[in-house]
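Student: give me a model of this one.
(2 chains)
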Amino acid sequence: MSSGARLLIIPLLVLLFGLRSPVTAGARVYIDITSPGYRSIPLAVYEFPGVPEGSEIADIIRDDLVFSGIFSFVEREAYIETALPVFDPLNWSPLGVEMVVKGTVNREGDHLVVTCYLYDVIDGRRILQKKYRAVKRHLRPLAHAIADDLYKRVTGEDGVFRTKIAFIGERGGRKGIYIADWDGRRVKRTGITGDLILTPHWSPDGRKLLYSSERGRQWGIFLVDFDRRKEMLLLRSEGTNLVGDFLPDGSGFLFSSSRAGTPDIYLYDLNTRKVKRLTRRRSIEISPTVSPDGRMVAFVSDHGGTPQVYIMGIDGRDLRRVTYSGTYNTSPVWSPRGDRIAYSSRVDGKNQIFTVNTDGTDPRQLTETGNNEDPSFSPDGRYIAFTSDRDGWKAVYIMRANGEAQRRITSRDMRAFGPRWSPNKIF
Amino acid sequence: MRTLFLLLLVAGLAFSCAQRKVASPEAGEAGAVSGARAGEGETVGEQELAAVQTEDIQGPSAMKLTEEEIRRIFKDIHFDYDRYDIKDEDKPTLRAIADWMLNNPPARLVIEGHCDERGTNEYNLGLGDRRARATKDYLVSLGVSARRLQTVSYGEERPLCTEKNEGCWRQNRRAHFVVVKEEASK
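Tutor: Next comes the predicted model:
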């Protein structure tokens, strides 16, 4: 790819300094990741010299950037330049490397201080230099923060390397809500447990979770507030009450309930505590998910004889069917860009993750092995977390939204399912 | 919120539990604790009993529900794959349950809807809900008051059988009955 093809001007980011270009110039976006034909950028990442943690930090940065699919890592054996922050493009162009990451690490008490540099081989200059400081036990978030900055410098978009994934974990027969880094590391218990507990749903600010749980033969919907360290029962009744998405403005949420007989879709207003019914049918209406603009709802209905994904307005009008192939299409989630819906579809007796345009065109199958369900998009829409039993037990996996780079992120010692990717930069 | 007292006579033992922890059975224990799979000759093990609060049942209104009656009357009914309509073969069972309910006015019935494992979790909860509801509607059509019938769905979460074959899946696609009695005044 020529450097011209990657050219796109966006406003200069204030977080950058040390650029040769005058302050009035725009920062360049080096790759347009929204264009379908982009290819990955060959990337060199040095181990950061100074302290032993330097190689771990460099590896985290490398793994983040490579998982994005936007970069491909060029092995270190080929590097001929010193790890010091000096740069000559002639050392790199023969290797086909287009971007070079270098850094230094120092200890200051129990803190790590990292300076990171990003060089563009084609332009022959440094395009980012930034200093970071964090306590040693935050080495991973520190490295993810660097990866986010590098990613943003090159793509112009926010990375998701500091996001979290909430999921249901089961150890020794007891289920609970766990939260891990997006790469499955630093798994933490929330303390919320139960015998029957379903997928948690994040509030838009990432400070609250909604979940459904059966207690005393009734399904209730619970709200967890991390700031107030409080849990509240919002509603319960016989049958089922199963929570769906928060609305994008956080003012309420969707849920399904059989309070009036059979499962239908409802809207709960958190300010007035009022409930509005959106569907009225004798069939099963369940698993509501809201569009990013808050105007549409996708959900599952078996009104036509088999479970299929439908869309309607947030007022319950203008119902139309989205999925037509297959006899079992469930667990829809709306993509953050609004253009696609991911769902689980039964193929040859197994559930597989698909995405489809909201008008029902262009369904694409993303998984093939084992049963795969519960898709959840990352906030930038570029990745999907999901549940799979392909390795012999239920675990949480992630992949790119086109199905590439599938990998398990929860460990062998836990059954894990129902993942939900957090909003960006919440902690 | 009414407190429900679970009345069960399994192997001659009577015990009840408050609503919050109705034996909170893990998968597999469910049949043993609620006892209605007594047809399989299951007994309540030491551990399950220890996990259940026990309380003596007093008063003339205490129902006499024997193991034999549970086995004979409160049999699971079964559903076809992804379906929730009542099958003709189960209608005599529901008739017998309705008759027993009509003859035992203090009794309430919890109807649990269950599914096999092949569906997705949340949709299976909807399917189990719909199965419990279809069962409730049928009992209401036979004259049992809807207020004495409570539904709950467990989806695929509490299978009776965990093998991956149709015989096992069929056993799991069921409505299961638990007789409870409303506490007189509280």
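Student: phi and psi next, for A:Ile60.
Tutor: Here is the backbone geometry of A:Ile60 (degrees, to the nearest 10): phi -60, psi -50.
Student: I figured it hits A:Pro141, correct?
Tutor: No - contact criterion Cβ atoms under 8 Å: A:Ile60 and A:Pro141 do not qualify, at 9.6 Å. The C-beta positions use only the backbone N, C-alpha and C, and glycine is treated the same way.
Student: these two: which is more packed in?
Tutor: Neighbour count, other Cβ atoms under 10 Å in any protein chain shown: between A:Ile60 and A:Pro141, A:Ile60 has more, with 22 against 17.
Student: my read: A:Phe222 touches A:Lys208, true?
Tutor: No - contact criterion Cβ under 8 Å: A:Phe222 and A:Lys208 do not qualify, at 10.6 Å.
Student: how far does stretch A:401-416 stretch from start to finish?
Tutor: End-to-end distance for stretch A:401-416, by Cα to Cα, to the nearest Å: 21 Å.
Student: do it and chain B meet?
Tutor: No - against chain B, stretch A:401-416 shows no contacts by Cβ under 8 Å from any Cβ of the partner chain, the least distance being 11.4 Å.
Student: pull out the buried positions in the longest helix seen in chain B.
Tutor: Longest helix in chain B, counting residues (DSSP state H): helix B:121-141. Using 16 or more other Cβ atoms under 10 Å in any protein chain shown as the burial criterion, the residues of helix B:121-141 that qualify are B:121-139.
Student: intersect those residues with the contacts of chain A.
Tutor: For chain A, the contacts drawn from the buried residues of helix B:121-141 by Cβ under 8 Å from any Cβ are B:Asn121, B:Glu122, B:Tyr123, B:Leu125, B:Gly126, B:Leu127, B:Gly128, B:Asp129, B:Arg130, B:Ala132, B:Arg133.
Student: the third one: what's it in contact with?
Tutor: Under the criterion of Cβ atoms under 8 Å, 6 or more residues apart in numbering or on different chains, the neighbours of B:Tyr123 are A:Ile284, A:Ile286, A:Ser287, A:Val300, A:Pro307, A:Thr330, A:Ser331.
Student: neighbours around the second one, how many?
Tutor: When counting by other Cβ under 10 Å, one arrives at 32 neighbours for A:Ile286.
Student: which element is it on?
Tutor: strand A:285-290 (DSSP states H and E).
Student: from A:Thr155, how far off is A:Ser68?
Tutor: The spacing between A:Ser68 and A:Thr155, counted by Cβ to Cβ, to the nearest Å, is 8 Å.
Student: go on, A:Tyr119?
Tutor: From A:Tyr119 over to A:Thr155 the distance is 17 Å, taken as Cβ to Cβ.
Student: enumerate the residues of the stretch 101-250 of chain A near chain B.
Tutor: Applying Cβ under 8 Å from any Cβ, we find that the stretch 101-250 of chain A lies next to chain B at A:173, A:195-196, A:198-199, A:214-219, A:238-240, A:242.
Student: highest neighbour count among those residues?
Tutor: A:Thr240 (34 neighbours).
Student: where exactly do the helices run in the stretch 1-150 of chain A?
Tutor: A:53-67, A:139-155 (DSSP state H, counting those that start in this stretch).
Student: could you dump the ones you listed to TSV with mean pLDDT?
Tutor: Putting the helices of the stretch 1-150 of chain A into TSV (pLDDT from 0 to 100) gives the following:
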stretch	mean pLDDT
helix A:53-67	97
helix A:139-155	96
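Student: out of these, deepest packed?
Tutor: Mean neighbour count (mean count of other Cβ atoms under 10 Å in any protein chain shown) peaks for helix A:139-155 among the helices of the stretch 1-150 of chain A, with a mean of 23.
Student: what is the rounded mean pLDDT of the next helix or strand after that helix?
Tutor: Toward the C-terminus, helix A:139-155 is succeeded by strand A:164-171 as the next helix or strand (DSSP H and E). On average, the pLDDT along strand A:164-171 is 96.
Student: who's in contact with B:Ile111?
Tutor: By Cβ under 8 Å, 6+ apart, the residues touching B:Ile111 are B:Ala132, B:Thr135, B:Lys136, B:Leu139, B:Leu149, B:Gln150, B:Thr151, B:Val152, B:Ala175, B:His176, B:Phe177.
Student: contacting residues around the third one?
Tutor: What that stands for is B:Lys136. Going by Cβ under 8 Å, 6+ apart, B:Lys136 touches B:Ile111, B:Ala146, B:Leu149, B:Thr151.
Student: quick one: contacts of stretch A:74-94?
Tutor: A:42-44, A:46-49, A:95-98, A:100, A:102-104, A:115, A:117, A:119, A:121-122, A:124-126.
Student: how long is that stretch from one end to the other?
Tutor: 12 Å.
Student: excluding chain neighbours, give the residue nearest to A:Lys208 in space.
Tutor: Leaving aside its sequence neighbours, A:Lys208 sits nearest to A:Asp225 (Cβ to Cβ, 6 or more residues apart in numbering or on different chains; 5.3 Å).
Student: also B:Leu125?
Tutor: B:Gly155 is the one closest to B:Leu125 (Cβ to Cβ, 6+ apart), at 3.8 Å.
Student: distance of that neighbour from A:Asp88?
Tutor: Distance of B:Gly155 to A:Asp88, computed by Cβ to Cβ: 62 Å.
Student: closest to the centroid, which residue in chain A?
Tutor: A:Ser378 (2.0 Å; Cα atoms, centre = their mean).
Student: contacting residues for it?
Tutor: Shown in contact with A:Ser378 (Cβ under 8 Å, 6+ apart): A:Val160, A:Thr163, A:Trp182, A:Pro336, A:Ile384, A:Ala385, A:Trp421.
Student: tell me which entries of those residues lie within strands.
Tutor: Among the contacts of A:Ser378, the members found in strands (DSSP state E) are A:Ile384, A:Ala385, A:Trp421.
Student: from those, which is closest to A:Gly360?
Tutor: Nearest to A:Gly360 among these, counting by Cβ to Cβ, is A:Ile384 at 19.3 Å.
Student: look at that closest one and report its pLDDT.
Tutor: So A:Ile384 comes in at 98 (pLDDT).
Student: cool, and A:Lys350?
Tutor: pLDDT, A:Lys350: 95.
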